[in-house]
Every structure is written in structure tokens, then in C-alpha cells.
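**Q** got a structure for you, letters missing:
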Ligand code: AMP
Ligand code: MG
């Protein structure tokens, strides 16, 4: 798919999310803008004085981070790491923060999140759009050069073994959301919503003091699955519908890879939404949880106790942790099971 068609498709997805319930109340003066960055459509809704300049600084910040964290841009720090041939590379505090969280979540998730899967993701064609189903033997070989434990991060120095490659696609948008919120706060903004192609981050409440209504998309069609009422939260979803291709028999291959075998994770979860204070941790967790499946995810939720989640299974059931229940409204006719402590 060409970049422009893809951008348009993403724009439609983003609009669908908005149309299915995310609040864009226009009564008080609001500044809204949208742009393409980080391979997705990003929209900003900012209230208050300085809204326009604050939104512009948000956009510059997100674009700056894209330049730093992109695996394909030859000027990025990730590109530098990937072409380091085993030599140490000094990185910025931003890259350090993203890699550091990714390694932490990798450890907590038993390796479900693994930023060294880039060669495998590439082999499937997810980096170029030239899709193919690779041979398992090829995947096995590529997995020999993939293991998050091989990434060394000491202060701002990253060392990656020769022939390894990292990809921060599972975490970069979450970090960009956090930094965007920081930029808004610096300019005195207390009410805003940042939507990075499905990673939604809210600052404060709506101008009337009520919570933001954030819609979560159904993984099965363009309808709205549910609405979450939140303030000051990140809501990040990983889904099998976000990037995928189908073979001649209609079998779907999506972009979230299980590091155990190099194939798209196939454990009955079709969408994993994580709700928490920080975009970066929610983004890392949503990808990890998608790979882990519901049993391991429940265990992690109990152990960590600092996030909530909403899982959708391929047999059309919704699992929701009890902490988010009061702010959850089901818009679908799917059965809901509450996960309790
Ligand atoms: P997300 O949409 O945040 O779940 O991130 C998915 C993206 O992260 C994919 O498009 C890949 O670039 C990359 N990725 C795929 N599988 C994994 C994994 N198990 N761990 C880390 N990154 C992954
Ligand atoms: Mg993620």
C-alpha cells in the first residue's frame, strides 16, 4: 500500500474512532488539528488559553521524536543503533527512556514484548507492505538473532550485538503521547485530548469538568465496542485489525509477533486495551498483553496493580478488570466478564 493510501486509511480509522464517541465538545474555544507522524494519523484537541501554540509545540515534539525513534529514517538514533555492528552508541535521554521501559516490560512479561524482533517483523513484510508468510525454518533462524536480553543499556549507552536490530514501534507512540502532554502542561493547558492513531491520552477533564468519553473500537468491524470515561489517563489498544494481510484462504496474519515462534500471536485475544497513567507503560503493556493471552495477562494485572485492561477474544467476549468497571459502558452486544483481584 502506498504511504498516502495508508495514511488515508489511517485517517478514516481515526475518524471512525472519533465518530463513535470520543468527545469533541466545541462549546468552549477549542483548537483542533491533525497530522501524519509516526506512521499514523494524530489528532490534538486543546482547550484553554495558548491552545494553538500549545498544540503546535505538541506537534513539533511528536515530529522530533519520530525522527529520533524511527527504525527506517537513516538520521534516527534507532537507525544508528541498528547499524552499529556491535559498537556502543550514545543516545538521547528520550531514546534511553523508551528502551529502558521496553526492557522492563519485556522482563515483567516473560519476554512477550521484545524490541529485537525487527528482522522477524521485516520478514513478514510489515515494514514495507510487501507481505508474505515466511517459512518456519527462516523464522527460527531469525529468532536466533532476537532476544531483548542481548540489548545492553548503561546510562545513555546502548550496545546491541552484531546482526541484531531493534524496533520501538510497540512503545514509541506511548512515549510521544506522554511528551505531548508534558508540552501542553508547560503551556498551562489543563484540558486536552491527544489521539495517536488509537493511543488516546487525556489531560485533565473536559472543560465542563466531566470525564472524557473515549471510544474503543470493535476489533470485528468499524463499530464502537465500548466507551471509557476517564481523566488524566492513557488508553492504548493493540489489535489484530491495525495492520494485517490475508492469504488466499482468507487467513489473517497480523503485525504483533509472538517471540516464541515468530508467528503472529494466536492465543484468542484480538484486541488488548490498557488504561493507566503513562502512555509509554500502557503502550508497552498492551503489546505484551496481546502476546501473553488472557491468563498470563490477568496474573500480571494482579502482580502490578497499576493498570487496568480490557481484552476482546476471538469468540466475541469482553474481559474487563474491576478497576475500570465504573467508567465502562458497553456499546456492543458482547458478553462481559469482570476480572477480579
Ligand atoms: P503495538 O501496536 O503498540 O502493539 O505495536 C506493534 C508493533 O510493534 C508492530 O507493528 C511491530 O513493529 C512491533 N512488534 C511486533 N511484535 C512485537 C513484540 N512481540 N514485541 C515488541 N514489538 C513488537
Ligand atoms: Mg504497544
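**A** Great, that's in hand. Remember, predicted model here, so these are calculated numbers, not experimental data. Numbering: from 1, shown residues only. Ligands and ions are numbered 1, 2, ... in the order given.
**Q** kindly report the residues of the stretch 151-300 of the chain close to ligand 2.
**A** Selection of the stretch 151-300 of the chain residues close to ligand 2 by CB under 5 Å from the ion yields 170, 283, 286, 287. Where you see a C-beta, it was placed from the backbone N, CA and C, and this is true even at glycine.
**Q** okay if I get the residues you listed as a markdown table plus distance to residue 96, neighbour count and secondary structure?
**A** Listed next are these as a markdown table, based on distance: CB to CB, whole Å; neighbours: other CB atoms under 10 Å; DSSP: H, G, I helix; E, B strand; the rest coil:
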| residue | distance to residue 96 | neighbour count | secondary structure |
| --- | --- | --- | --- |
| 170 | 17 | 27 | coil |
| 283 | 16 | 34 | helix |
| 286 | 22 | 31 | helix |
| 287 | 20 | 29 | helix |
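**Q** among these, which two are most distant?
**A** Among those, the pair separated by the greatest distance (CB to CB) is 170 and 286, at 8.3 Å.
**Q** common neighbours of those two, please.
**A** Residues touching both residue 170 and residue 286 (CB atoms under 8 Å, 6 or more residues apart in numbering): residue 238.
**Q** so residue 95, which of the three states?
**A** Here residue 95 is recorded as helix under DSSP: H, G, I helix; E, B strand; the rest coil.
**Q** now the residue in the stretch 51-200 of the chain that ligand 2 sits nearest to: closest residue in space that isn't a chain neighbour?
**A** In the stretch 51-200 of the chain, the residue that lies nearest ligand 2 is residue 170 (4.1 Å; CB to the ion). Excluding the flanking residues, the one nearest residue 170 by CB to CB, 6 or more residues apart in numbering is residue 287, at 4.0 Å.
**Q** residue contacts, the residue nearest to residue 163 when sequence neighbours are not counted?
**A** Distances taken as CB to CB, 6+ apart put residue 145 closest to residue 163, at 4.9 Å, once the chain neighbours are dropped. Residue 145 makes contact with 116, 119, 161, 163, 164, 165, according to CB under 8 Å, 6+ apart.
**Q** and those as a markdown table, adding pLDDT, secondary structure and neighbour count?
**A** What follows is these, written out as a markdown table (pLDDT from 0 to 100; DSSP: H, G, I helix; E, B strand; the rest coil; neighbours: other CB atoms under 10 Å):
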| residue | pLDDT | secondary structure | neighbour count |
| --- | --- | --- | --- |
| 116 | 98 | coil | 23 |
| 119 | 98 | helix | 21 |
| 161 | 98 | coil | 14 |
| 163 | 95 | coil | 12 |
| 164 | 98 | coil | 21 |
| 165 | 98 | coil | 22 |
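**Q** now, the most widely separated pair of the residues you listed?
**A** Pairwise distances among the contacts of residue 145 were taken by CB to CB; the largest, 12.3 Å, belongs to 119 and 161.
**Q** for the residue most central in space within the chain, what are its contacts?
**A** In the chain, the centroid-proximal residue (CA atoms, centre = their mean) is residue 283; its distance is 4.2 Å. The contact partners of residue 283, by CB under 8 Å, 6+ apart, come to 170, 171, 172, 173, 174, 175, 177, 199, 234, 236, 274.
**Q** any idea of the pLDDT on it?
**A** Note on residue 283: pLDDT of 98.
**Q** what's the nearest residue to it if we skip its chain neighbours?
**A** Closest residue in space to residue 283, ignoring its immediate chain neighbours: residue 174 at 2.7 Å, by CB to CB, 6+ apart.
**Q** quick one: the one you found from residue 185, how far?
**A** As judged by CB to CB, to the nearest Å, residue 174 and residue 185 stand 17 Å apart.
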